[in-house]
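A.B. asks: Sequence isn't available, so here's the structure alone:
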Ligand SMILES: Nc1ncnc2c1ncn2[C@@H]1O[C@H](COP(=O)(O)OP(=O)(O)O)[C@@H](O)[C@H]1O
Ligand SMILES: [Mg+2]
């Protein structure tokens, strides 16, 4: 797994004024991702486990400290995803929302095959790509070399990657930095290049996991258009973003995760509104 989670976070923020009136209707195809009663549990050994264990006997304080995490013998189990089920179809762009720690990234990593479920089942048609290529890219190599590595990882023939190099570099918009090692890039530049590589061919299932509020308005708009194109070409896109405006602009459906369970699953307007109400009370 990638050394640093943040490496593949990418925020697709959209200014409310950029919002299109409505997503074009696309007929939904066959299921692309089926998740059935999925559970993912992390096993952690560490200071938090020891602290929560406290005086040894399970007591109220230990319970409070461990907040839903069960502590056994210096190990903490964190049940990040607890019985999630849904069916995603070709042509859907699904927004995942929920407060920090609600299990969004864990769910995407499990779908991408980067984390083993502790129970339940996941079926994916085609190759899922979690902002595709992050895991295979090599920070000490140039952007140019990484375009090749990432493209190969996505299953593109070498000649096709070479043919598309200019398009990828243009889309990323990082100029001559493409010829510098990726570890010299700012987080935003890295995120743009990864996005450009991952979306160069239409992936069956593309997952974009939030965060860095980087990229200017024009890059965000280009990204939105590209995501919409993937959806229209019958791919399935999962988008995690803290920006409800982005989610509404890009998604045909929204799943709200709360403490590892699906709290609501439905049309973007209804689900984001309910979530907004919920977060007001926090
Ligand atoms: N690598 C990990 N090891 C242990 N616990 C983790 C790890 N990654 C996430 N968690 C925990 O799992 C829960 C869900 O996290 P995450 O899936 O990252 O949520 P989100 O993406 O919604 O913020 C949180 O309690 C988080 O602390
Ligand atoms: Mg996350």
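C.D. replies: Good, I have the coordinates. Owing to the predicted nature of the structure, the values given are computational and were not obtained by experimental measurement. Ligands and ions are numbered 1, 2, ... in the order given.
A.B. asks: Please, which helix or strand holds residue 188?
C.D. replies: Assigned by DSSP states H and E, residue 188 belongs to helix 187-198.
A.B. asks: Which strands and helices lie in contact with that helix?
C.D. replies: helix 143-153, helix 158-172, helix 217-232 (3 or more C-beta pairs under 8 Å, 6 or more residues apart in numbering; DSSP states H and E). C-beta: built from backbone N, CA, C; applies to glycine.
A.B. asks: For the protein, which element, helix or strand, carries the lowest mean pLDDT?
C.D. replies: helix 47-53 (a mean of 45; mean pLDDT, DSSP states H and E).
A.B. asks: quick one on the thing from earlier: looking at the helices and strands packed on helix 187-198, which is closest to residue 263?
C.D. replies: When the helices and strands packed on helix 187-198 are compared by C-beta to C-beta, helix 217-232 sits nearest residue 263, at 23.9 Å.
A.B. asks: helices and strands around that closest one, which ones?
C.D. replies: strand 93-97, helix 187-198, strand 205-209, strand 236-240, helix 244-250.
A.B. asks: the inter-axis angle of that helix versus helix 158-172?
C.D. replies: 140 degrees (axes from the mean of the first three to the mean of the last three C-alpha atoms, to 10 degrees).
A.B. asks: Buried residues of helix 217-232, list them for me.
C.D. replies: 219-220, 222-224, 226-228, 230-231 (16 or more other C-beta atoms under 10 Å).
A.B. asks: what's the spacing between that helix and its chain's center?
C.D. replies: 16 Å (C-alpha atoms, centre = their mean, to the nearest Å).
A.B. asks: residues from this protein in reach of ligand 1?
C.D. replies: Contact residues, the chain versus ligand 1 (C-beta under 6 Å from any ligand atom): 42, 44, 78, 80, 98, 100-106.
A.B. asks: Out of the helices and strands packed on helix 187-198, which gets the lowest mean score?
C.D. replies: Lowest mean pLDDT within the helices and strands packed on helix 187-198: helix 217-232, at a mean of 79.
A.B. asks: which regions of this protein sit below the pLDDT cut-off?
C.D. replies: Within the chain, the ranges that satisfy pLDDT under 70 run 1-27, 46-73, 127-136, 210-216.
A.B. asks: Show me what residue of it gets nearest to ligand 2.
C.D. replies: residue 105 (3.2 Å; C-beta to the ion).
A.B. asks: Tell me if I'm right that that residue and residue 240 touch.
C.D. replies: Yes. Here residue 105 lies in contact with residue 240, judged by C-beta atoms under 8 Å, at a distance of 7.0 Å.
A.B. asks: still on that earlier bit, got CSV for the helices and strands packed on helix 187-198, with distance to residue 263 too?
C.D. replies: CSV is the format used below for the helices and strands packed on helix 187-198 (distance: least, C-beta to C-beta, whole Å):
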stretch, distance to residue 263
helix 143-153, 34
helix 158-172, 35
helix 217-232, 24
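A.B. asks: Quick one: closest of those helices to residue 258.
C.D. replies: Here helix 217-232 is closest among those (C-beta to C-beta), at 24.8 Å.
A.B. asks: Brilliant, that's me finished.
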